[in-house]
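A.B. asks: Need a 3D model of the following:
(chains A, B, C and D)
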There are 2 protein chains.
Amino acid sequence: MSKLTDYATVVMTSMARSPDHMHSAANVAVQTGLALPTVSKILKTLAREGLLVSVRGAKGGYMLARTPREISLAQVIVAMEGPIGMTECSSTPGLCLLESGCSVRANWLRINHMVLQVLGRITLEHMTKPIGRTVAISMVKAPASRKRLHEPGVSRPPAGAQP
Amino acid sequence: MSKLTDYATVVMTSMARSPDHMHSAANVAVQTGLALPTVSKILKTLAREGLLVSVRGAKGGYMLARTPREISLAQVIVAMEGPIGMTECSSTPGLCLLESGCSVRANWLRINHMVLQVLGRITLEHMTKPIGRTVAISMVKAPASRKRLHEPGVSRPPAGAQP
DNA sequence: ACTAAATAGGACTGCTTCGGGCCTAATTAA
DNA sequence: TTAATTAGGCCCGAAGCAGTCCTATTTAGT
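C.D. replies: Predicted coordinates:
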């Protein structure tokens, strides 16, 4: 994960503390202690990707597009870096010519999926307060009810955000 | 994860298919389909880090320092890249000045720990064959009683089984 | 002893990415 | 109209990284 993405989680968490409030870039910069241009760049990206709603002009600023409980870490990461993948081999086929590579690739895909599930279940709401150990464990096993197989964590946000 | 590290997992997995055999760099390059200089660099690093044993001279080469079951993905990654961490904020304190950052940091540490546990439980032996879904799940909850990690019946085809 | 096969260890280079900052529009409340 | 604010680029320096190559050093075989 790039540093910018790391900052993005800090920024989003900070904003999640008052989800109904309008936050200006300068405001967020002060609250997080990050440099203004950096924060500005992050906010722009997140808005373009649909995680934030922006309002221009005086008294404008940014606001969470959804409630903190409906925004996952995975969404933030994807918004900043594009599709998540631990290995490049996981996304570009045809790299490993022999069968050797194939089992590795298949397994990396599985591992990726597991990590993604975890990241998709952790929301901004979680990030605003310490995650307990029990919660952490339930993150990973939690297939629970089958109705939520189509997990909100990894899906793309609304339309109009795609370049 | 850098591409080199990705390749390293491929290389190690390939070698894990015949753990008692001595592998020359050229040999591994052919089996994996990677460029020789690249493979060579990877093998040197892994040997320096103690995951491989090297033998110089003619008929020399590299061999796994331990059995495939005793080498985890986490070890390979650490050998190639140093300490694993998703965020830099997780390792360098004093970045986030306000309380805002602190809860984020604490949570990232927890998430890191979870991912690390998963990566630490996946061995080269696992990588040589498809990881089943059940195995994958047991990776993450995997409490104390770990007699299950002990999978017998891994009789490996003695030698020269590599196409 | 000599040669061929290997690894060890650097040095080097071209490339990309990334963090960070700045500048000029467009937009809107007062 | 003016001040506040986002949008969208552009740019630069630094760092990391993939990939290659060169020169020792070591060892097996002849």
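
A.B. asks: Break down chain A into its helices, ranges please.
C.D. replies: A:3-16, A:25-32, A:36-48, A:73-81, A:99-121, A:124-127, A:133-141 (DSSP state H).

A.B. asks: thinking residue A:121 is in contact with residue A:69, fair?
C.D. replies: No: in this structure, residue A:121 is not within contact of residue A:69 by CB atoms under 8 Å, at 11.2 Å. The C-beta positions use only the backbone N, C-alpha and C, and glycine is treated the same way.

A.B. asks: The two - which one has more neighbours?
C.D. replies: residue A:121 (20 against 13; other CB atoms under 10 Å in any protein chain shown).

A.B. asks: ok, the more buried one to residue A:115 distance?
C.D. replies: 11 Å (CB to CB, to the nearest Å).

A.B. asks: Can you get me a residue count around residue A:27?
C.D. replies: 16.

A.B. asks: And for residue A:113?
C.D. replies: 14.

A.B. asks: Check residue A:60 too.
C.D. replies: Look at residue A:60: counted by other CB under 10 Å, it has 12 neighbours.

A.B. asks: Now stretch A:107-116: buried residues?
C.D. replies: A:107, A:108, A:109, A:110, A:111, A:112, A:114, A:115, A:116 (16 or more other CB atoms under 10 Å in any protein chain shown).

A.B. asks: do the same with stretch A:55-63
C.D. replies: A:61, A:62, A:63.

A.B. asks: for the residues you listed, which one is nearest DNA strand D?
C.D. replies: Distance to DNA strand D across the buried residues of stretch A:55-63 (CB to the nearest atom of the strand) is lowest for residue A:61, with 4.0 Å.

A.B. asks: That closest one against residue A:53, yeah?
C.D. replies: No: in this structure, residue A:61 is not within contact of residue A:53 by CB under 8 Å, at 9.6 Å.

A.B. asks: Just give me the neighbour total for the residue in chain A that DNA strand D sits nearest to.
C.D. replies: Proximity of chain A to DNA strand D (CB to the nearest atom of the strand) peaks at residue A:54, 3.1 Å away. Residue A:54 is flanked by 16 other residues according to other CB under 10 Å.

A.B. asks: What distance do you get for the nearest residue to it once chain neighbours are set aside to residue A:65?
C.D. replies: Leaving aside its sequence neighbours, residue A:54 sits nearest to residue A:47 (CB to CB, 6 or more residues apart in numbering or on different chains; 4.4 Å). Remark: distance between residue A:47 and residue A:65 (CB to CB) = 8 Å.

A.B. asks: Check which residues of stretch A:122-130 are buried.
C.D. replies: Applying 16+ other CB under 10 Å to stretch A:122-130 flags A:122, A:123, A:124, A:125, A:126, A:127, A:128 as buried.

A.B. asks: Also stretch A:20-38?
C.D. replies: Here stretch A:20-38 shows A:23, A:24, A:25, A:27, A:28, A:29, A:31, A:32, A:34, A:38 as buried, counting by 16+ other CB under 10 Å.
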